[in-house]
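> below are the sequence and a predicted model for it; my questions follow.
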Amino acid sequence: MLTTDKTNQPIIHHLMVITKKYLSTFADFTHHIPLERYHYALLYIYDHKESLTQKDLAEYFHVDKSFMVTMIDYLSNNGFVYRETSMEDRRKHLIKLTEKAHQYIPMINQAIEKTNNLALNGISDANKALFFEVIQQLEINLNIDNVHQITVNYIKSKI
């Protein structure tokens, strides 16, 4: 039962409201980038110097292999990544960024910075640190063995 006492409401309500507002703001800042979703995956690949496999990405993002294939296919079909066979282990395929992706990485980083700055505006450094500490503790508390696969599929929409 929802109440006006925010501490007694389901946490998911607050997280969903924040997520929708955050992603909407981020979409406004990235409207000129020809990509509807998975910006964060490009940054993660970039930050790891394009040394990751699909399996590495699936483990980091806590998604199954089929979802990761769909994500990589989407990014590939839009000209942002390609698969390259590893020279050390021919069974592995490294995910590499295209020139197009490299062109947009600074813009994606800037959009994230602008979105974060807007979201955290007026919040003291101490409260920001506390916020991230609480988020990390929530992740630890909810890190259970019996995890259900849940996908949040963000797509820019005008609805």
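Here it is on my side, so go on. Numbers count the residues shown, from 1 in each chain.
> that's a strand at Glu59, yeah?
No: counting by DSSP: H, G, I helix; E, B strand; the rest coil, Glu59 falls outside a strand, being helix.
> longest helix in this structure, please.
With DSSP state H setting the assignment, residue counts place helix 99-119 as the longest helix in the chain.
> in that one, what counts as buried?
Residues 101, 104-105, 108, 111-112, 115 are the ones in helix 99-119 that count as buried (16 or more other C-beta atoms under 10 Å). The way it works is simple: take the backbone N, C-alpha and C, and place the C-beta from them, glycine included.
> as TSV, those residues with distance to His32 would be great.
Shown next, in TSV, are the buried residues of helix 99-119 (distance: C-beta to C-beta, whole Å):
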residue	distance to His32
Ala101	15
Tyr104	9
Ile105	14
Ile108	11
Ala111	10
Ile112	15
Thr115	15
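> and these, which is closest to Phe29?
Using C-beta to C-beta, Ala111 is the member of the buried residues of helix 99-119 that sits closest to Phe29, with 3.8 Å.
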